[in-house]
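>>> coordinates only, no sequence provided:
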């Protein structure tokens, strides 16, 4: 990888995804931001989706454009069907097509079970699960319309669902979030089964403990971080770039034979470290 020159300019994009068009939802902060920037660095043109915080989204766009690729910000609520279809339609109009859909947008509305409201339950399911369904559906329509473009990619298209270690690890006090991510696991696998014959690759990335605004209280003091690291055998909290690097590779032809897989990027959290000494 080239490094920045003495004039401070950013390096040219790495050609891993050269010529591809990517859409990342929830891309103005945290994992989504790092992923959008990482895809731009890998050579893709990128749509930066956001639902609030336009200034932050435009900052992401400018950073992506510094790699010599195209980008723009698009406001849309992924839980709303028409907003998702309009977002993909606009991308096709501006960029010509879509090659990579990263369904990243997600949120938490935490409460103990007996205090959780229907609004808290439904909002998390609407964004975290229904939103991924809608994004995958609209991307798949365009993939099938366009077909394979061999000089761009061996596959027709890639859908990457952002899940969580909590698709398999229960999380008391977060039943809506854990249920939504468990749903993402089966959504991804079922879509992969259905779409693989069309040469569409569907996979998921499941982050563990990552330094993002959504979980700041879990790592922003030495005491909190030490407590969190008891759950992470690799003994460090992950950074958003740890996820972005995996997504870029997974979207590329280097991973062309990977279909229906969840890649856990968690420092070993899913190894259940509490049992390391026999429980």
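Sure, I can see it. Note that the coordinates shown come from a computational prediction; the quantities given were computed from them, not determined experimentally.
>>> from here on, just use CA atoms for contacts and neighbour counts.
OK.
>>> how about residue 202, phi and psi?
With angles defined as degrees, to the nearest 10, residue 202 sits at phi -120, psi 130.
>>> for it, what are its contacts?
Applying CA atoms under 8 Å, 6 or more residues apart in numbering to residue 202 gives the contacts 158-161, 188-189, 191-192, 195-196, 259-261.
>>> pull out the buried residues from the residues you listed.
Buried by 16 or more other CA atoms under 10 Å: 158, 159, 160, 161, 188, 189, 191, 192, 195, 259, 260, 261, out of the contacts of residue 202.
>>> restricted to strands, list the residues you listed.
158, 159, 160, 161 (DSSP state E).
>>> quick check: the last one touching residue 188?
Yes - under the contact definition of CA atoms under 8 Å, residue 161 touches residue 188, with a separation of 6.8 Å.
>>> joint contacts of these two?
What both residue 161 and residue 188 touch, as defined by CA under 8 Å, 6+ apart, is the set 202, 203, 204.
>>> nearest to residue 171 among these?
The closest of the shared contacts of residue 161 and residue 188 to residue 171 turns out to be residue 204 (CA to CA; 19.6 Å).
>>> next, count neighbours for that closest one.
27 (other CA atoms under 10 Å).
>>> doesn't it fall inside a strand?
Yes - counting by DSSP: H, G, I helix; E, B strand; the rest coil, residue 204 is part of a strand.
>>> mind listing what's buried along stretch 144-164?
148, 152-164.
>>> can you redo those residues as CSV with distance to residue 21 and pLDDT?
Output for those, formatted as CSV (distance: CA to CA, whole Å; pLDDT from 0 to 100):
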residue, distance to residue 21, pLDDT
148, 14, 95
152, 10, 95
153, 11, 96
154, 14, 96
155, 13, 97
156, 12, 98
157, 10, 98
158, 11, 98
159, 12, 99
160, 14, 99
161, 17, 98
162, 18, 98
163, 22, 98
164, 25, 97
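>>> residue 43: which of the residues you listed is nearest?
Using CA to CA, the buried residues of stretch 144-164 come closest to residue 43 at residue 152, 11.3 Å.
>>> doesn't that closest one belong to a helix?
No - looking at residue 152 with three-state DSSP, it is coil, so not inside a helix.
>>> not counting its neighbours along the chain, what's nearest it?
residue 19 (6.0 Å; CA to CA, 6 or more residues apart in numbering).
>>> elements contacting the longest helix that the chain contains?
Ranked by number of residues, the top helix in the chain under DSSP state H is helix 175-195. In terms of contacts (3 or more CA pairs under 8 Å, 6 or more residues apart in numbering; DSSP states H and E), helix 175-195 is packed against helix 118-125, strand 200-207.
>>> just the buried residues of it, please?
Using 16+ other CA under 10 Å as the test for burial, helix 175-195 gives 175-185, 187-189, 191-192, 195.
>>> tilt between it and strand 200-207?
Computed with axes from the mean of the first three to the mean of the last three CA atoms, to 10 degrees, the direction of helix 175-195 lies at 160 degrees from that of strand 200-207.
>>> contact partners of helix 175-195?
Counting by CA under 8 Å, 6+ apart, 107-110, 113, 120-121, 124-125, 128-129, 132-133, 161, 163-164, 166-171, 200-204, 259-262 sit against helix 175-195.
>>> of those, buried ones?
108-110, 120-121, 124-125, 128-129, 132-133, 161, 163-164, 166-167, 200-204, 259-262.
>>> show me where the chain has helices.
Using DSSP H, helices in the chain cover 30-41, 54-65, 81-95, 118-125, 131-146, 175-195, 222-229, 240-251.
>>> figure out which of these is closest to residue 24.
Nearest to residue 24, of these and by CA to CA, is helix 30-41 at 6.0 Å.
>>> test my guess that residue 229 contacts residue 223.
No - Residue 229 lies out of contact with residue 223 (CA under 8 Å); the separation is 10.0 Å.
>>> looking at those two, which is more packed in?
Neighbour count, other CA under 10 Å: between residue 229 and residue 223, residue 229 has more, with 18 against 10.
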